[in-house]
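Undergrad: Sequence and predicted structure below; questions after.
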Amino acid sequence: MDHTPRFRPVVSCTLLVVTLVAGVTACGGSDGHPLAAQPYDAADEISSNLPDGDEKADSDKPLEVTVDDEGRITDVSAVDALGRHLAGELDADGKRWRSTTALAAGTRYTVRVSMEDENGDPGSRTLSFETDAAKAKKRLKVAFGPEAGTYGVGQPITAQLSAPVKDKASRAVVESALKVRSVPAVTGSWYWVDDKTLHYRPKEYWPAKATITVTSGLEGIKVAENLYGDSTKALRITTGDRVEAVTDASTHTMTVKRNGKVINTIPVTTGRPGFDTRNGVKVVLSKEYSVRMRGETIGISADSEDGYDLMVHYATRVTWSGEYVHAAPWSVGSQGYENVSHGCTGMSTSYAEWFYNTVRTGDIVQVVGSQGATMTPFDNGYGDWNLSWGKWQQGSALQKNATPDRNDTLQAARLRPEV
């Protein structure tokens, strides 16, 4: 076959350094290297399994590109309209390239194929095609959380799916498409809380003053039979200072740190026997200036000597069941000395106001030294940090032999204040 021009005067490239300029001119290319030659149109030598004309390709079938007997493929780049690259592998003899990941439905691909013929001359061909969108009738939507804003370093990222995804292979497709990028960079992983809920956290807390971006590449991707990914709005959040409050129920004190430096030590009271405050790491869920707290919401009769009905101020919520850090002026005499509450962490009004104004959603509130149980991971707020990193990784569909604990499932939130 003839691909004009082919002649490359290689001999002239052996000129001495002193005649380099003349040598480059004689080579005919911009730098005199044979690979600098303009690739010829290899449309007659490169073929594919794509349908003819305007017919749309089946996204369930892999893309195959082949070259005739006299050439070999050197590179293939397949990119869809969203900029997603299609992975593939080339046979050892360079005769066939085949995609190894599924094509997205309802999108356009541009495929650039490079080759060389039996003489080493470079050729290329560009292919464009669309995939059929008809199969993607049922769409899997993803909603990221929390809302855009600035949070504490303990704030997990959440992904809520519009339909259940149960088998591991389908979960792996979803998880692979959900990308979390942090500046500064961190090591992190998704955890499947249940069939429709994922949480993402780093191995350690987020860095202070970090920028975190969450995106989905699921659009048009087949997740399961008759279920394809939908477009998803990206999420961007930032973190503030690293603020950590550690309450020691045995010494009745709370120590508050900002970026590792102690900024306050507060006398507190926590849950008395029978109402012990939960141990473990909790995350600030919200801040409420005033909350009505009633014993009946946690099963205490209004006629009981333990009953209460109070308006509580400067209330920082740490569990959905109603555990707060709040002002407790009625127990100031016990604060720093004994635990007398029904599960909350109480302090003077002035300290509670300071705490309320110092922390933000996503900050860390940890309890140690209590006789109570440890905060559960997912059913009562963000207890994600109470799982070791090894346990957390087991909740990923991308980890080998990963099997999440059946007890780690998201349960219905229970809104019950514990004064």
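TA: Looks like it came in fine.
Undergrad: And residue 245, how close does it get to residue 266?
TA: As judged by Cβ to Cβ, to the nearest Å, residue 245 and residue 266 stand 9 Å apart. Every C-beta, even on glycine, is put in place using the N, C-alpha and C of the backbone.
Undergrad: more neighbours, these two?
TA: Neighbour totals were compared for residue 245 and residue 266, and residue 245 leads with 25 against 22 (other Cβ atoms under 10 Å).
Undergrad: The more buried one falls within a strand, correct?
TA: Yes - the assignment for residue 245, made by DSSP: H, G, I helix; E, B strand; the rest coil, places it in a strand.
Undergrad: which residues touch residue 223?
TA: Each residue near residue 223 by Cβ atoms under 8 Å, 6 or more residues apart in numbering is listed here: 140, 165, 170, 173-174, 229.
Undergrad: So which of those belong to strands?
TA: Here DSSP state E is the test, and the contacts of residue 223 give 140, 229 as lying in strands.
Undergrad: Kindly reformat the contacts of residue 223 as JSON lines and extend each row with neighbour count.
TA: Listed next are the contacts of residue 223 as JSON lines, based on neighbours: other Cβ atoms under 10 Å:
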{"residue": "140", "neighbour count": "26"}
{"residue": "165", "neighbour count": "23"}
{"residue": "170", "neighbour count": "18"}
{"residue": "173", "neighbour count": "22"}
{"residue": "174", "neighbour count": "23"}
{"residue": "229", "neighbour count": "24"}
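Undergrad: now the helices for the stretch 201-350 of the chain?
TA: With DSSP state H, counting those that start in this stretch as the criterion, the stretch 201-350 of the chain has helices at 349-358.
Undergrad: Figure out the helix or strand that residue 112 lives in.
TA: In this assignment (DSSP states H and E), residue 112 forms part of strand 108-116.
Undergrad: Adjacent strands (with direction) for that strand?
TA: Here strand 108-116 has these sheet partners by DSSP bridges: strand 72-80 (antiparallel), strand 122-130 (antiparallel).
Undergrad: how much space is there between residue 74 and residue 90?
TA: With the distance defined as Cβ to Cβ, residue 74 ends up 9 Å from residue 90.
Undergrad: Provide a list of residues in contact with residue 63.
TA: Residues near residue 63 by Cβ under 8 Å, 6+ apart: 48-50, 57, 78, 86, 88, 98-99, 103, 109, 111.
Undergrad: Centroid-nearest residue for the chain?
TA: The centre of the chain sits closest to residue 180, judged by Cα atoms, centre = their mean, with a distance of 3.7 Å.
Undergrad: Mind checking what secondary structure it has?
TA: Under three-state DSSP, the three-state class of residue 180 is strand.
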